[in-house]
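# Okay, sequence plus prediction incoming.
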Amino acid sequence: MGKIHFLKLKADYFNQEKLRTLRLSAGGETFTVIYLKLMLFSLQNSGLLMCDNIADLAETIDEQTGNVEIALPYLLAQKLVIQHSETEYEVVNVGALTGSEDISAERVRRFREKQDAQYRQLSALVNVQIKRDISEEIVALYHEKLPMLARCIKISDKRRSNIMQRMTEYKGADKLEFWENVFDIVAQSDFLIGAKTDFKADLEWIINKSNMLKIMEGRYKPSGIKQFSRDGKAGSPKNSAGGTPSTADWEAVL
């Protein structure tokens, strides 16, 4: 007869700072479920998970690859999950929560000193930023600024995920002022609002990674509208004489 494996969670388990930060982030409920699934699927192997790549890991726990790609770096940076190799991960808390704490603790101690430098480097490179979910406010602002474009009826998981990813890619994107400036640029573009052709942008088009980059690079830049400098702040560049910026001045910023 096979063993029954189960997790033993305390009543305040999700109030731990690391898990609370994850749970309250944009898309946090999905990422918390991903973490719990990693724990459950690793129970029978002392907390270890074997996979060929992230896509394979996502398939194992039956979650979207994009969501796992967002959640995993945070779990690694917070040492909730350890990556021993390209194909082996360890969910650190599983031992303590299944009565095999000694085995898990021994494995963690064995790798901790070796992995500490990797953790610090990972935190610096990945720069995981858990942002407050302002998707609802962004959609409301989109409707206010761009009433001529198609309405966003539902904030799907994909749309929420795209918004969160843009928030981690651009400085200041966790503030509504950033999105107000983006929507102002779109509103002033005859092409994007359908004044020149049958094409019209919509929220999903705007928050798409490549399209947002085009907006940020000034490809739809009208005159008299705020643009973005390299530090993410809105505002027009100044030329050496303090007058109206030339094309060269704009190119120096973008």
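That came in fine, so what should we check first? Numbering: from 1, shown residues only.

# domain assignment for the chain?
13-126, 135-238+248-253 (automatic domain parsing).

# Using CSV, lay out those domains together with distance to Phe6 and mean pLDDT.
For every residue, glycine as well, the C-beta is placed using N, CA and C. Output for these, formatted as CSV (distance: least, CB to CB, whole Å; pLDDT from 0 to 100):
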stretch, distance to Phe6, mean pLDDT
domain 13-126, 7, 78
domain 135-238+248-253, 28, 82
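
# Would you mind measuring the gap between the ends of stretch 79-89?
11 Å (CA to CA, to the nearest Å).

# any idea which residue sits dead centre in this structure?
By CA atoms, centre = their mean, the chain has its centre lying nearest to Gln165, at 3.8 Å.

# Would you agree that one falls within a helix?
Yes. Checked against DSSP: H, G, I helix; E, B strand; the rest coil, Gln165 lies within a helix.

# going forward can the numbers begin at 31, since that is how I track them
New numbering, starting at 31: the last item is Gln195.

# that older thread, same list (the domains of the chain) but as a markdown table, adding distance to Leu37.
Output for the domains of the chain, formatted as a markdown table (distance: least, CB to CB, whole Å):
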| stretch | distance to Leu37 |
| --- | --- |
| domain 43-156 | 5 |
| domain 165-268+278-283 | 25 |
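
# rewinding a little: check contacts around the residue nearest to the centre of the chain.
Ile100, Lys239 (CB atoms under 8 Å, 6 or more residues apart in numbering).

# Which parts of the protein are helices?
Secondary structure of the chain (DSSP state H): helices at 47-53, 58-71, 84-90, 95-107, 124-127, 131-156, 165-175, 187-199, 206-217, 233-237, 239-246, 277-283.

# For stretch 84-99, measure first residue to last.
Stretch 84-99 end-to-end distance (CA to CA) = 7 Å.

# number of nearby residues for Glu207?
Look at Glu207: counted by other CB atoms under 10 Å, it has 13 neighbours.

# no wait, Gly202
15.

# Quick check, it in contact with Phe208.
Yes. The criterion here is CB atoms under 8 Å, and Gly202 meets it with Phe208 at 4.6 Å.

# what comes up buried for stretch 110-118?
Within stretch 110-118, the residues that count as buried by 16 or more other CB atoms under 10 Å are Leu110, Val111, Ile112, Gln113.
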